[in-house]
Each structure stands twice: as structure tokens, then as C-alpha cells.
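Trainee: okay, here's the prediction I keep looking at, along with the sequence it came from:
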Amino acid sequence: MATNGHYRVKLRRRREGKTDYQARKALVSSGRPRLIVRASLRNITVQIAIAKPHGDEVLAAANSRELGKTYGWKAPTGNISSAYLTGYLCGLKAKAAGIKESILDIGLIAPTKGAKVFAALSGIVDAGVDVPHSEEKIVKERMKGEHIAKYAKSLGVGSEEYNAKFSKYIAASVAPEKLPEHFTKVKAEITAVFKGGKPAVEAEAEVKEAPKKKAVKAPKEKASKAAKEKAVKAPKEKVSKKGGKKE
């Protein structure tokens, strides 16, 4: 509530907790593309955008849903490992578009050590995009999901608590205690695609859709009616006793 004549209502997006205009002004003034990371419980979105007079222009983007659709990721798409892979994917897209550097824009979230935003940042950096950051905020041991694998093993594979807490993993046919191996496989798949390969998911789909080649036998020619009939021999001309032809 206003207490004097100098009170000014904050801008709508600041009141809604969506934009810190002071921080945004500093990021835009840097002249570098902004690395925008937004995370929810189920998905991670990573974008590299640059401010223009008409609005932000997205130069490269990736969503964690792409990991499952294109690169074979079976684990949930809202955890630390998927955040890293989404950042890594966005970083490779950025490099392909000629983007070499960026500056992190975390919005209004608290910069907690080991948060998903810093996992995505780690993926971007590993892809080869230069982003100023402090290593103190990144927990490397959690990127591959080793903490998840360790916890799953502590519960006991097949136990009631294990099945209850990792039901989504089990439904997707991926063992949580083997998540680091699955992470390494998907990361290698992403790298291979950007080196000119084809995603395994697409390759498998092509194999399933390709019709099976069957040996095609040449159709037998139907015998014509004339061929079915017996060959009629021309009657021999009768010869008279005197050697002349008989009419």
C-alpha cells in the first residue's frame, strides 16, 4: 500500500515473480546471448537467446522431451541427468549455429548448489560453449545419476519400497541402479548424431517400417487356347499309283 506520493507500483511481471528487470538489464547490456534455463518437475527447457528491439530472438533451444523422442532416453525427463543432457544437446545445437559464448540467465530461482539449472549449464560448457561460471555450484557426481543408482541399490532391487519409488523407471524398462550406464549411452548417441550419424530411434523405426523383401517369382505365362489344343498336322497329299498327285 502506498504510504506517500513517491510510491510506485512495480511492473506487472515483477509483481507476478516472472522477471527481475534490474538483472535483465545487466544481462542485455552485456551484449552476449543469454543462456536461459527453466525447469519444472517433469521437463527442462534450455534456450540461447539474444535481445532485439522487437523481443527476444531464440538462436538455439532444446527440451528434455527430445531426449526420449530422438535419442533413446528412458528415464524421467525432469531430473539432474536429463537437465545435463538437455544442456549438452542445446550446446551442440548452438555450436552448429555458430554460437561460441553465452551468459547464464537463471531468472528468479535461487542459485542453489547442485540445482538443475547448473546441471544444464555444465552440459552447455561440456558441449563447447563458453559461459562464465563458478565450479562451486556444479556437483559433477550427480550428472550421471550416480546418486540415484546408489540409492536404488540401498533399497534392494525388487523390494517393495524399491518398486514403489522407482515405478516410472520400471515401467520404462530401465533399471535405476544402471542409470549411469544409460546416461553414458544416450550422451554418446547425441554426440554421434551431431557428427553426422543418425539417431538410433529413427534407425529402429526405419527398420520396422521397411517392408520385408520377398522373392518374387516370375508369373507363369498362361497357355493360350491354341497351345492347349493338340498340334494338328497337315494331311499328307495322297499320291496316285502312277506318281501323280491325286486331285
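Mentor: Yep, it's here.
Trainee: show residues contacting stretch 167-181.
Mentor: The set of residues that contact stretch 167-181 without belonging to it, under Cβ atoms under 8 Å, 6 or more residues apart in numbering, is 74-76, 81, 144-146, 148-149, 151-153, 157, 163, 166, 182. Glycine gets a C-beta too; all of them are placed from N, C-alpha and C.
Trainee: what residue ranges in this structure are flagged as low confidence?
Mentor: 1-2, 197-247 (pLDDT under 70).
Trainee: counting neighbours, which of the contacts of stretch 167-181 comes out on top?
Mentor: Compared across the contacts of stretch 167-181, Ser81 has the highest neighbour count, 29 neighbours, by other Cβ atoms under 10 Å.
Trainee: related to what we said a few turns ago, inside helices: which ones of the contacts of stretch 167-181?
Mentor: Among the contacts of stretch 167-181, the members found in helices (DSSP state H) are 81, 146, 148-149, 151-153, 163, 182.
Trainee: turn these into TSV, columns for distance to Ala127.
Mentor: Below are the ones in helices among the contacts of stretch 167-181 laid out as TSV (distance: Cβ to Cβ, whole Å):
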residue	distance to Ala127
Ser81	15
Glu146	21
Ile148	23
Ala149	24
Tyr151	28
Ala152	28
Lys153	30
Asn163	36
His182	20
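Trainee: check those residues against Arg42 and report the nearest one.
Mentor: Relative to Arg42, the closest of those is Ser81; by Cβ to Cβ it sits at 14.0 Å.
Trainee: ok, now which ones touch the closest residue to that closest one other than its chain neighbours?
Mentor: With Cβ to Cβ, 6 or more residues apart in numbering as the criterion, Ser81 has its nearest non-adjacent residue at 4.2 Å, and that residue is Gly145. Applying Cβ under 8 Å, 6+ apart to Gly145 gives the contacts 75, 79-81, 176, 179-180, 182-183.
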